[in-house]
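J.: My questions concern the predicted model and sequence given below.
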Amino acid sequence: MAIDRAGLAAFLRNRREALQPEDIGLRRGPRRRTNGLRREEVAARCNMSTDYYARLEQERGTHPSEQMIAAIAAGLHLSLDERDHLFRLAGHSPPSRGAISEHVSPGLARIFDRLHDTPAEIVTELGETLRQTALGIALTGDATRHTGPARSIGYRWFTDPDSRALYEPADHEFLGRMFASGLREALTRHGPGSRAAHYTDLLLARSEEFRTVWAAQEIGLRPKEFKRYVHPSVGALELQCQTLLDPDQNHFLLVYTATPGTESYEKLQLLSVIGSVAPAG
């Protein structure tokens, strides 16, 4: 597919001007004259230089990669139809709308972008972290840095002992059972050939512990009301986890809070100041 530079530029300008600062959790300053977002604001959200993004809107520059287009689609809060249109304009085939999509819906993205002062993350049904707030990274480490099967916390749980260090040891047994239960649900839902099936095969081959837990055939285990962490900088934390489900994408927005007045609340406030990054779990 050939890139449509004029169409790509026009579409990017249109979507940038339609997206308001409030949509991404920014305050509208009194001196703002730009319709919608500024180019530098979009570029920052997409982890690219302002010059690179500006060239796309000016029908110039190199042919953007699929990774760049996916980042722009996420940064502009595009719907799936808009995302697919953007890919085609850029000369790429749109990603498959398979059973497990990684494109965050605009509605969920808008909520997430308002959670500046709260640990939060968006994860897939396989426990793959798609986005984290800054305080979320301070709490659990940058979980988006992983690649391949290791993107799944359930996969890491059974293959990387260091991934357990962040969690209260008394909870380890239940967490392992819960991760296996969730993987079984995803496998049943999506069947052979799915990513869930691939992760299951890998874990059955690599982990004796997983084989034992898997043989128990447990289903329907859900997270407990409170999650207990052992953070390397602030110590023990007990946080309540609220979950918002996007049923169309099977994505979960997880928001972690502490009860005001508790020791965990004070430690979470401290963590927001020091920004200490824990190993990703």
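T.: Done, it's in. Predicted model, so just to flag it, every value in this text is computed and none were measured.
J.: pLDDT (mean, whole number) over the helix ranked longest in the chain?
T.: Identified as the longest helix of the chain according to DSSP state H is helix 172-190. The average pLDDT for helix 172-190 rounds to 94.
J.: Alpha carbons of that helix, as PDB, please.
T.: Output of helix 172-190 as PDB, limited to C-alpha atoms (Å, rounded to 0.1, in the frame of the first residue of the first chain):
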ATOM      1  CA  HIS A 172       2.200 -15.700  46.500                       C
ATOM      2  CA  GLU A 173       0.300 -19.000  46.500                       C
ATOM      3  CA  PHE A 174      -3.100 -17.400  45.800                       C
ATOM      4  CA  LEU A 175      -1.700 -15.100  43.100                       C
ATOM      5  CA  GLY A 176      -0.200 -18.000  41.200                       C
ATOM      6  CA  ARG A 177      -3.500 -19.800  41.200                       C
ATOM      7  CA  MET A 178      -5.300 -16.600  40.200                       C
ATOM      8  CA  PHE A 179      -3.000 -16.000  37.200                       C
ATOM      9  CA  ALA A 180      -3.500 -19.600  36.000                       C
ATOM     10  CA  SER A 181      -7.200 -19.300  36.400                       C
ATOM     11  CA  GLY A 182      -7.300 -16.100  34.300                       C
ATOM     12  CA  LEU A 183      -5.200 -17.700  31.600                       C
ATOM     13  CA  ARG A 184      -7.500 -20.700  31.500                       C
ATOM     14  CA  GLU A 185     -10.500 -18.400  31.000                       C
ATOM     15  CA  ALA A 186      -8.700 -16.600  28.200                       C
ATOM     16  CA  LEU A 187      -7.800 -19.900  26.600                       C
ATOM     17  CA  THR A 188     -11.300 -21.200  26.800                       C
ATOM     18  CA  ARG A 189     -12.600 -17.900  25.300                       C
ATOM     19  CA  HIS A 190     -10.200 -17.700  22.400                       C
END
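J.: Residue 171 is in contact with residue 228, isn't it?
T.: Yes - look at residue 171 against residue 228 with CB atoms under 8 Å: they come within range, at 5.8 Å. C-beta here means a position set from N, CA and C on the backbone, and glycine is covered the same way.
J.: How about the contacts made by the closest residue to residue 44 other than its chain neighbours?
T.: In this structure, residue 44 finds its nearest non-sequential neighbour in residue 50, 7.9 Å apart by CB to CB, 6 or more residues apart in numbering. By CB atoms under 8 Å, 6 or more residues apart in numbering, residue 50 lies in contact with 39-40, 43-44.
J.: low-scoring stretches of the stretch 151-281 of the chain, by residue?
T.: Across the stretch 151-281 of the chain, the ranges flagged by pLDDT under 70 are 276-281.
J.: Could I get the full set of strands for it?
T.: In the stretch 151-281 of the chain, the segments counted as strands under DSSP state E, counting those that start in this stretch are 226-231, 235-246, 251-257.
J.: if you compare the ones you listed, which one is most tucked away?
T.: A comparison of these by mean neighbour count, using mean count of other CB atoms under 10 Å, puts strand 251-257 on top with a mean of 20.
J.: out of the contacts of residue 50, which are buried?
T.: 39, 43 (16 or more other CB atoms under 10 Å).
J.: Next, work out how far apart the residue nearest to residue 44 and residue 195 are.
T.: Using CB to CB, to the nearest Å, residue 50 is found at 35 Å from residue 195.
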